[in-house]
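**Student:** need coordinates for the following:
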Amino acid sequence: MTREAILIPFLFAFGYSASNASPILFDSTPENISGIAGTTAILPCTADLTDADSKREITWMSPREVLIAIGDRRIIDDTRMSIERPRVPDWNLHIRELQFYDRGTYTCSLNTKPMSMKKIHLEVYVEPQIYEKTRNTHQILKEGATANLTCNATGYPEPTITWYRKSISEKEAISQQGAFLMIHNITRYCSGAYECEAFNGIGPAVSKVFSVNVHFQPEVQVLNKKQKQDLGKETILQCEISASPQAIVNWRKGEDVFTANSFHRITSEIYEKDIYTTILLLRIQNLTWNDFGEYVCEASNILGRDLERMQLFPINGIQVSPKAAKDDKSDSKTIIFDFSSSSTSHQKSAPSPGEQILVKSPNSKPYGIVHDSSNSSSEADAMFHIFECLFLIVLVLICQMISSSC
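**Tutor:** Okay, the predicted model is just below:
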């Protein structure tokens, strides 16, 4: 085989024209080019037309069969595209500010016989993005409702969306993936910040934060429902209130509502324990007999109200219960004698005509009387108190007889 027989097929592969003895070197090897949206893609095409017929021209066609350029002249209206020739044989197509719709197969051709062509496939990758106008990024729900969080993300390849539960110092991945996160039968412990993160391997991950706030009616808890203290001493009543939104809280005794600085001896103090829990204290100084009895800690918000009751007792004293007071139909004043060892006097007030006498010893257990079970006495002490009671009863009767005769 002659040298010419070997060379002629080779020249046709590189764009050899039968009408022109000089070969045209045209690289027709297919290529795959990739770029990221927003950047510039360079699609190479090489053809040395230095010694070629002046009628030979390079043309570029888009994937949609739209003529882009003839030679180095741009035909298409898209100003992002141009023909760049860093070297004489180069007829490169530059596409600036790549868009996703620019992807496809482009054709660089030379009008030889047969036609010389080079196919270049352009793949455009898009970094993940989350719609800025995502709705319901701040949700307020009642306990038991269902939270629906939606994270709409785009990108190519399609991004993977991962959900996280955020705290102050870290975030914890939630097993569920996808654009939607649903929390059924939500509780107050589900409140907080949630983050969706979209990632597709192109550029950094992007994320969006959602806030969920769960509302519930107040829950009042009194840790010590029975409390004791001595007369003249100071005591502190305490209750905890959990609520969302924040509740209106107060202590009261009967019709008296204790607010800050409402009484010079009795003050209300409030402290925040956590995001939902408040501690309400009632400080009572220099306890008097009127301070003993039932106290109520109550709280209310737009979803409801709750309350808890507690009793404040004297340590060594004897107190008539509210029920015993209601059973007394007369308007007379009840006189209470206290015979405990810590008492400094035997009588709270001096008797007067028309007053009802009520004498009780620490060991007696009549209806309506509250005793201090911590103070027990021996049988000898009991007998002594009995004789002492009899003596006082006789003394009172004599006083009444003298008063009636006068």
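**Student:** which ones are touching E172?
**Tutor:** By C-beta atoms under 8 Å, 6 or more residues apart in numbering, the residues touching E172 are Y164, R165. All C-beta spots, glycine's among them, are computed from the backbone N, C-alpha and C.
**Student:** in what helix or strand does it lie?
**Tutor:** Taking DSSP states H and E as the definition, one finds E172 inside strand 171-177.
**Student:** who does that strand pair up with?
**Tutor:** Next to strand 171-177 in the sheet, as set by DSSP bridges, lie strand 160-166 (antiparallel).
**Student:** and for the strand it pairs with, what's in contact with it?
**Tutor:** Here strand 160-166 makes contact (C-beta under 8 Å, 6+ apart) with 149, 151, 153, 171-174, 176-179, 181, 192-200, 209.
**Student:** so how far is that strand off the chain centroid?
**Tutor:** Its chain's C-alpha centre lies 14 Å from the corresponding centre of strand 160-166 when counted by C-alpha atoms, centre = their mean, to the nearest Å.
**Student:** okay, buried residues for stretch 115-133 please.
**Tutor:** Taking 16 or more other C-beta atoms under 10 Å as the neighbour-count basis, stretch 115-133 is seen to contain the buried residues S116, M117, K118, I120, L122, V124, Y125, V126, E127, P128, I130.
**Student:** same check, this time on stretch 157-169
**Tutor:** Applying 16+ other C-beta under 10 Å to stretch 157-169 flags P159, T160, I161, T162, W163, Y164, R165, K166 as buried.
**Student:** okay, it in PDB with CA atoms only?
**Tutor:** Output for stretch 157-169, consisting of C-alpha atoms alone and laid out as PDB, is shown next (Å, rounded to 0.1, in the frame of the first residue of the first chain):
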ATOM      1  CA  PRO A 157     -28.700  17.400  41.300                       C
ATOM      2  CA  GLU A 158     -31.800  17.500  43.500                       C
ATOM      3  CA  PRO A 159     -30.700  18.300  47.000                       C
ATOM      4  CA  THR A 160     -31.100  16.100  50.000                       C
ATOM      5  CA  ILE A 161     -33.000  17.800  52.900                       C
ATOM      6  CA  THR A 162     -32.200  16.900  56.400                       C
ATOM      7  CA  TRP A 163     -34.000  18.200  59.500                       C
ATOM      8  CA  TYR A 164     -32.400  19.200  62.800                       C
ATOM      9  CA  ARG A 165     -33.600  20.100  66.300                       C
ATOM     10  CA  LYS A 166     -31.600  23.100  67.400                       C
ATOM     11  CA  SER A 167     -30.500  24.000  70.900                       C
ATOM     12  CA  ILE A 168     -28.300  26.800  72.300                       C
ATOM     13  CA  SER A 169     -25.000  24.900  71.800                       C
END
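**Student:** chain center to it, what's the gap?
**Tutor:** Relative to its parent chain, stretch 157-169 has a centroid offset of 15 Å by C-alpha atoms, centre = their mean.
**Student:** circling back to that earlier point, among the buried residues of stretch 115-133, which lie within helices?
**Tutor:** Among these, the subset assigned to helices under DSSP state H is empty.
**Student:** how about those residues in CSV, adding pLDDT?
**Tutor:** CSV is the format used below for these (pLDDT from 0 to 100):
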residue, pLDDT
S116, 90
M117, 92
K118, 94
I120, 96
L122, 97
V124, 97
Y125, 97
V126, 96
E127, 95
P128, 95
I130, 93
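**Student:** tell me the one of these nearest C108?
**Tutor:** Within the buried residues of stretch 115-133, proximity to C108 (C-beta to C-beta) peaks at K118, which comes in at 4.4 Å.
**Student:** OK, contacts around the residue lying closest to that closest one once chain neighbours are set aside?
**Tutor:** Spatial nearest neighbour of K118, excluding adjacent residues (C-beta to C-beta, 6 or more residues apart in numbering): C108 at 4.4 Å. When contacts are counted by C-beta under 8 Å, 6+ apart, C108 is found next to L43, C45, I58, T59, W60, W91, L93, M117, K118, I120.
**Student:** C239 now?
**Tutor:** Taking C-beta under 8 Å, 6+ apart as the contact definition, C239 lies against V220, Q221, V222, L223, W251, I279, L280, C297, E308, M310.
**Student:** number of residues surrounding D274?
**Tutor:** Residues within reach of D274, counting by other C-beta atoms under 10 Å, total 7.
**Student:** wait, L312 sits on D291?
**Tutor:** Yes. Contact criterion C-beta atoms under 8 Å: L312 and D291 qualify, at 6.8 Å.
**Student:** need the overlap of contacts for these two.
**Tutor:** Contact criterion C-beta under 8 Å, 6+ apart; residues bridging L312 and D291 by contacting each: I284.
**Student:** rewinding a little: okay, the buried residues of stretch 115-133 in JSON lines with distance to D78 next?
**Tutor:** Putting the buried residues of stretch 115-133 into JSON lines (distance: C-beta to C-beta, whole Å) gives the following:
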{"residue": "S116", "distance to D78": "25"}
{"residue": "M117", "distance to D78": "22"}
{"residue": "K118", "distance to D78": "21"}
{"residue": "I120", "distance to D78": "17"}
{"residue": "L122", "distance to D78": "14"}
{"residue": "V124", "distance to D78": "15"}
{"residue": "Y125", "distance to D78": "20"}
{"residue": "V126", "distance to D78": "19"}
{"residue": "E127", "distance to D78": "22"}
{"residue": "P128", "distance to D78": "26"}
{"residue": "I130", "distance to D78": "29"}
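**Student:** closest one of these to A205?
**Tutor:** The nearest member of those to A205, counting by C-beta to C-beta, is P128 at 6.9 Å.
**Student:** what about that closest one, distance to C151?
**Tutor:** Plainly put, P128 is 11 Å away from C151 if you go by C-beta to C-beta, to the nearest Å.
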